[in-house]
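> Quick check, what structure comes out for this input:
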Amino acid sequence: MKIDFHRRQFLQQAALTMPALGLIGLDELAAQVAGNPEGGAPFPQDKKLGVALLGLGKYSEEQLAPALEKTQRCRLAGIITGTPEKVGKWKEKYKIPDKNIYNYQNMDSIRDNPDIDIIYVVTPNSLHATYTIRAAKAGKHVICEKPMATNVKDCEAMISACKAAGKMLSIGYRLHFEPHHRTFMEFGKKQMYGPVQKIVAENSQEMEKGVWRLDRERSGGGPLMDLGIYCVQGAVYSAGANPIRVSAKEGPKTDVDKFAEVEQSIDFQLDFPGGAMANCRTAYVGKGNRLRVEGKTGWYELEPAYEYAGIKGKTSQGPMGIENVNQQALQMDDFADCVLNKKPTRVPGEMGLRDVKILMAVYEAARTAKPVDLKL
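Down below sits the predicted model:
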């Protein structure tokens, strides 16, 4: 991979300051950027773990399934769907055998199928707990999409079920495997630009009418649960600490019919130990996709920050020059590696539980118009 001079300078500095990321040299980083974390020969086909996607919506169809064709340690081995008319298309496109195709009624029998090692739960938020618990009881490791659940109690039940079954649980926080965001994590830890003082996180987009995300029972809330969790995540790993207090205010509704059950927008502030503060905004109107960190001696930001591709970063010293990767492929490969080698995942259920506690506190702060103290 060709690396231009400016990018080489940046990566050389990063390699010296980020040993925790494995960025020891340019060749290793180039291999990661290319989508092969090993930087060598492909993983043996007979050792790849089988993944079954549970829920065949847009994210599974457009992101996860294509990413599984690029993974090194796992493969798309099965599907679980409540929509029979989708089966034929998936079966033909991905050569999935009949014995690896399940519906929501018979999925518990997947326990007898050695082809499936991991179930990836990609349903509406309110169903995450139900299917994570069923997957664990069926003897499979689980990746669950974010937010982990719509309430704290369900998160705790999911963690307990996986522990009782002796299976691993990971949350679909793809940006923990994305090099721009990993750089932000390390900048905060190493205080590359002095102590973090201020963080700005915004994630907003237009949302069409009639989708399940506007149904509170299925989604658990509006843009905060869908987009705002990226702001929470970005703020926490940029600060390198859990927040201790949250304040929030829901924005006005310009389309009362469309947003009858959920918020249209919400602004919230996270306070961290040491005085760092994160100003966050999320909405289902307008556009915003930014993560900015201001330190005592400089700043760094991503814009766009949370997209599947096209993330761009710069610092007060100039462009980061880091290329994009297939985030979902690296995420799923990392979990497969954790399962194969019995290593803890960097995005465990406990992290998902923490974030849901923060999200619930944001709603409470907005509802009461009073700051809410966090004990995480």
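
> Phi first, then psi, for the spatially most central residue of the chain.
Closest to where the C-alpha atoms of the chain average out (C-alpha atoms, centre = their mean) is residue 173, at 1.8 Å. Reported as degrees, to the nearest 10, the phi and psi values for residue 173 are phi -90, psi 80.

> Mind pulling up the pLDDT for it?
Residue 173 carries a pLDDT score of 98 in this model.

> Neighbours of the closest residue to it other than its chain neighbours, how many?
Sequence neighbours aside, residue 347 is the residue nearest to residue 173 in space, at 4.3 Å (criterion: C-beta to C-beta, 6 or more residues apart in numbering). C-beta here means a position set from N, CA and C on the backbone, and glycine is covered the same way. Residues near residue 347, counting by other C-beta atoms under 10 Å, number 24.

> The one 3 residues further on now?
By other C-beta under 10 Å, the residues close to residue 350 number 14.

> Report the secondary structure element holding it.
Assigned by DSSP states H and E, residue 350 falls within helix 349-368.

> Please list all residues in contact with the nearest residue to residue 222 once chain neighbours are set aside.
With sequence-adjacent residues excluded and distances taken as C-beta to C-beta, 6+ apart, residue 222 is closest to residue 262, at 3.1 Å. By C-beta atoms under 8 Å, 6 or more residues apart in numbering, the residues touching residue 262 are 213-214, 216, 219, 221-223, 284.

> repeat that with 7 Å
214, 216, 219, 221-222 (C-beta atoms under 7 Å, 6 or more residues apart in numbering).

> Retrieve the pLDDT associated with it.
pLDDT at residue 262 comes out at 98.

> Doesn't it lie inside a helix?
No: assigned with DSSP: H, G, I helix; E, B strand; the rest coil, residue 262 falls outside any helix and is coil.

> Return the helix or strand in this structure with minimum mean pLDDT.
The helix or strand of the chain with the poorest confidence is helix 26-33; it has a mean of 39 (mean pLDDT, DSSP states H and E).

> Please state the mean pLDDT value computed over whatever helix or strand comes next after that helix.
Per DSSP H and E, the first helix or strand lying C-terminal to helix 26-33 is strand 49-54. The predicted model assigns strand 49-54 a mean pLDDT of 98.

> Need the residues that contact the helix holding residue 350.
Applying C-beta under 7 Å, 6+ apart, the contact partners of helix 349-368 are 146-149, 152, 155-156, 158-159, 162, 169, 171, 221, 224-225, 229, 232-233, 242-243, 246-250, 266, 268, 371-372, 374, 376.

> Give me the buried entries from those.
Buried residues within those, counting neighbours by 16 or more other C-beta atoms under 10 Å: 146-149, 155-156, 158-159, 162, 169, 171, 221, 224-225, 229, 232-233, 243, 246-248, 250, 266, 268, 372, 374.
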